[in-house]
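>>> here is my input; please provide its structure:
(chains A and B)
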Amino acid sequence: MTQQHDTIQITLEDGTRLDVPSGTTPLELVERAGVDVEPVIAVVDGELWDLTRPLERDATVGFRDAQSEEGLYALRHSAAHVMAEAICRLWPDAKLAYGPPTENGFYYDIYLEEPISSDDFPRIQKEMQKIIAEKRPFTRVELPPEVAMDRLREEDNKYKLDNAERALEAGDGVLSFYVTGTPGENWEDLCRGPHVPHTGYIGAPKVMSVAASHWHGDVNSDQFQRVYGTAFRTKAELKEYLNRLEAAKQRDHRVVGQKLGLFTIDEQVGPGLILWKPRGGRLRQVLQDFLTGELVRRGYQVVFTPHIGKIDLYKTSGHYPFYADSQFPPISLEDGEQYLLKPMNCPHHIKIFASDHYSYRDLPIRLAEFGTVYRFEQSGELQGMTRVRGFTQDDAHIFCTPEQVRDEFRATVELVQFVFRTFGFDDVSIRLSLRDPNSDKYAGDPALWDRAERELREVLEDMGIDFRAEEGEAAFYGPKVDFVVRDVIGRRWQLGTVQLDYNLPERFGIQYIGADNQAHRPVMIHRAPFGSMERFVAILIEHYNGAFPYWLAPEQVRVLPVSDKHAEYAADLGRRLIDRGVRAETDLRSETLSKKIREAQKMKIPVMLIVGDQEVESGTASPRLRSGEQLDALDWAALLAFLDEQDRDSRGSV
RNA sequence: GCUGACGUAGCUCAAUUGGCAGAGCAGCUGAUUUGUAAUCAGCAGGUUACCGGUUCGAUUCCGGUCGUCAGCUCCA
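Below is the predicted model of the structure:
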């Protein structure tokens, strides 16, 4: 293997060519060629590579610093090793499983009987600091598979053995270990690498949290303690990250929603059940009116259906057999009849369709409802308004002919895009959710599934939409296209969804009469641009940080009299605005103007109207915007024009 | 559901080793009549989530239940 005496040709990313002896490390290249950045990792022919790992053949070599994604990953991966070593020192019984870098840091899955708690973080961190201060090099040791496996068997660590087997199955010819220091003396870990040159590179590590996880993600398998941490090159970067986290917490919809009086959750009502307060209700009403207007324009018809249905309905639809566990238990009557809180609106809409005879000329039929559904989510899953047990979908079902599927599907995707554009969501990822061919949790004929999946994919491609196909994410009755956004914490949530369904029409035996005078099976499209009102509003709150644009704001205008003398004029102005459909309130308390402004500001009200002697005398009002901008006094006509303009300009598109 | 942490006034948070449960904001009352992010004073507000145990005495220690949070698993 060794070719120490040979010369190899290295091309740097800037095009510089160097002839160096085989076995030269990237770090030596840095010293020789001079590189602007402080590299922590190299990229050799597109593959991440230790700076200290010898180069033995011609290659293109680049360098990455700790601000780059690759560099940061490597640094955090190295930090994971340091943390694992620290934990092994403190708990010699700990068995390591798996410790990768993640988007915001890293974690290590560890099997250990004794629970690690946040009280232990300081001493873990202290051990890490010791290891970092020693600036021990990360040394790569490659072993032939048999030797490596023997070594792992000695360690009696089935998790690492399993990792190694998987690496070999994936085609790795050798297994690599990384020693933090000198082979044979220091701590080592089976690891593909790469790592930063030595522990001293990890300038600012922090142990963040601990939680349970499972081997291979299998609940029935061994349970690990997953210790999360993060690391940066410098303390300043860590501090900035922690500040960002803190700011994100303040933007959390649970915090903002509480401050702005939008919603509440009451233990006695039940976990995961949202109580919309008046301000939240107004916001929801605006959203509902906005969307209903769009739907009517696009040929939808509004329907209303009840919150429960007989259990047989859901046996026919498949909801009950497929998802009994995630439903509230059936309501049983004395005569033995059972009802279910509806987990979805589709069966009711199908029954509306089935109640009439349709010809192909009538299709598509588009039935829309803001329908409230109930799902018994596991207690550990509940989370503010984003994951709840009762929620209202902006649901609709399109019944169409097979020939109409593509056009209808395309139109619904365009509707979702229109909605998202209106609110200025730009960080939206689109997921094509397909069935898992190896699972039996899907209903119906595989041939129809193939057809539906193909149709979705082709329409998306036609539309030039970037999407990611993911197996196992489909609904039980059909594949779907999901619009996924991220909350302030970085968690991903599905909002809009469009689903193609050949199954439920079959299960319910619905039909229409075709041009050939024969009965045909319609195809269904399920779709919800918001997804759920609860989740959508949660994301909206975080998106705007509670500062809703004028057209959405629960309170658009607050009238502020300078003193009690102006109360009557202010109250009258407020009433006239309400008459005009403006969501206006008037602050008639005997407080100073400054205080009233401060509170209106804290409630993030877009427009304040200040009225004092001057305004009363001239019959005007002086706007102060949420931005702090003060405008000249406006008379009634000018004020209405100004508010209309606010309404128009605050919409993201239209 | 699992692991861990947490639960004190409407909200945000205090309370030495187990020793009479406190503050700010909000609320109420009064005074003040205010011109662009907090006027002043007073009052009231609690079965310390709930249930049980240890103790002369429990917000504090122990057990259980419920809920919240983080992650895992799940998510029609």
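
>>> can you name the next helix or strand after the helix or strand harbouring A:A538?
Per DSSP states H and E: A:A538 is located in helix A:533-544. Where DSSP H and E defines the elements, the next helix or strand beyond helix A:533-544 is strand A:557-561.

>>> residues in contact with that next one: which ones?
Residues outside strand A:557-561 that contact it (CB atoms under 8 Å, 6 or more residues apart in numbering) are A:567, A:569-571, A:573-574, A:577, A:582-588, A:593, A:596-597, A:600, A:603, A:605-612, A:621, A:643. C-beta coordinates here come from the backbone N, C-alpha and C atoms, glycine included.

>>> for RNA strand B, see how far away A:S68 is.
24 Å (CB to the nearest atom of the strand, to the nearest Å).

>>> is RNA strand B contacted by the helix holding A:A538?
No - using CB under 7 Å from any atom of the strand, helix A:533-544 never reaches RNA strand B; the gap is at least 9.9 Å.

>>> picking that back up, please narrow the contacts of strand A:557-561 to those residing in strands.
The strands, defined by DSSP state E, take in A:584-586, A:607-611, A:621 from the contacts of strand A:557-561.

>>> as CSV, these with neighbour count and distance to RNA strand B would be great.
What follows is these, written out as CSV (neighbours: other CB atoms under 10 Å; distance: CB to the nearest atom of the strand, whole Å):
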residue, neighbour count, distance to RNA strand B
A:A584, 22, 17
A:E585, 17, 13
A:T586, 21, 14
A:V607, 25, 11
A:M608, 22, 7
A:L609, 27, 9
A:I610, 22, 4
A:V611, 24, 7
A:A621, 28, 9
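
>>> skip the chain neighbours and tell me the closest residue to A:E542.
Once flanking residues are discounted, A:E542 sits nearest to A:V488: 4.7 Å by CB to CB, 6 or more residues apart in numbering.

>>> could you look up the SS state of the one you found?
coil (DSSP: H, G, I helix; E, B strand; the rest coil).

>>> contacting residues around the helix holding A:A538?
Outside helix A:533-544, the residues that reach it (CB under 8 Å, 6+ apart) are A:251-253, A:256-257, A:260, A:262-263, A:274, A:280, A:283-284, A:287-288, A:370, A:384-388, A:391-394, A:423-425, A:485, A:487-488, A:493, A:495, A:530, A:548, A:552.

>>> which ones among the residues you listed also lie next to RNA strand B?
A:384, A:387.

>>> make a PyMOL selection of the buried ones in the contacts of helix A:533-544.
This is how PyMOL selects the buried members of the contacts of helix A:533-544, with burial counted by 16 or more other CB atoms under 10 Å:
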select buried, chain A and resi 251+252+253+256+257+260+262+263+274+280+283+284+287+370+384+385+386+387+388+391+392+393+394+423+425+485+487+488+493+495+530+548+552
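
>>> inside strands: which ones of the contacts of helix A:533-544?
Using DSSP E, the contacts of helix A:533-544 in strands are A:263, A:370, A:391-394, A:485, A:493, A:495.

>>> what segments of the stretch 351-500 of chain A are strands?
Listed in chain order, the strands of the stretch 351-500 of chain A (DSSP state E, counting those that start in this stretch) span A:365-374, A:390-400, A:429-434, A:468-471, A:480-486, A:492-501.

>>> neighbours around the residue in the stretch 301-450 of chain A positioned nearest to RNA strand B, how many?
Nearest residue of the stretch 301-450 of chain A to RNA strand B: A:G380, at 2.1 Å (CB to the nearest atom of the strand). Neighbourhood size, A:G380 [other CB atoms under 10 Å]: 7.

>>> what's the answer for A:V484, then?
18.

>>> try A:R491
Applying other CB under 10 Å, we find 11 residues neighbouring A:R491.

>>> give me phi/psi at the closest residue to it other than its chain neighbours?
Distances taken as CB to CB, 6+ apart place A:T386 nearest to A:R491, at 7.9 Å, with adjacent residues excluded. The phi and psi values for A:T386, taken as degrees, to the nearest 10, are phi -80, psi -30.

>>> check A:Y107 too.
phi -140, psi 170.

>>> got a list of what the nearest residue to it once chain neighbours are set aside touches?
Counting by CB to CB, 6+ apart, the nearest residue to A:Y107 once its immediate chain neighbours are dropped is A:Y228, at 4.6 Å. Going by CB under 8 Å, 6+ apart, A:Y228 touches A:105-107, A:207-211.

>>> ok, 6 Å please
By CB atoms under 6 Å, 6 or more residues apart in numbering, the contact list for A:Y228 reads A:107, A:208-209.

>>> can you tell me the closest non-neighbouring residue to the closest residue to RNA strand B within the stretch 51-200 of chain A?
Closest residue of the stretch 51-200 of chain A to RNA strand B, CB to the nearest atom of the strand: A:P115 (3.9 Å). Closest residue to A:P115 apart from its sequence neighbours, by CB to CB, 6+ apart: A:Q225 at 6.9 Å.

>>> pLDDT score assigned to the one you found?
Looking at A:Q225, its pLDDT reads 93.

>>> dihedrals phi and psi, it?
phi -100, psi 120.

>>> since we're on it, how many residues are nearby?
Counted with other CB under 10 Å, residues neighbouring A:Q225 total 23.

>>> identify the bridge partners of it.
A:I110, A:A212 (DSSP bridges).

>>> surely it meets A:I116?
Yes - the pair A:Q225 / A:I116 is scored as a contact, 5.3 Å apart, by CB atoms under 6 Å.

>>> residues that sit against both of those two, list them.
Joint contacts of A:Q225 and A:I116 (CB under 6 Å, 6+ apart) are A:V210.

>>> where's the residue of the stretch 301-450 of chain A closest to RNA strand B relative to A:F328, distance?
In this view, A:G380 and A:F328 are 17 Å apart by CB to CB, to the nearest Å.

>>> repeat that for A:I308.
Taking CB to CB, one finds A:I308 at 10 Å from A:F328.

>>> shared neighbours, the two?
A:L341.

>>> burial measure for the residue nearest to A:V562 when sequence neighbours are not counted, as a count.
Among residues not flanking A:V562 along the chain, A:G612 sits closest, at 3.4 Å (CB to CB, 6+ apart). A:G612 has 19 neighbouring residues, counting by other CB under 10 Å.
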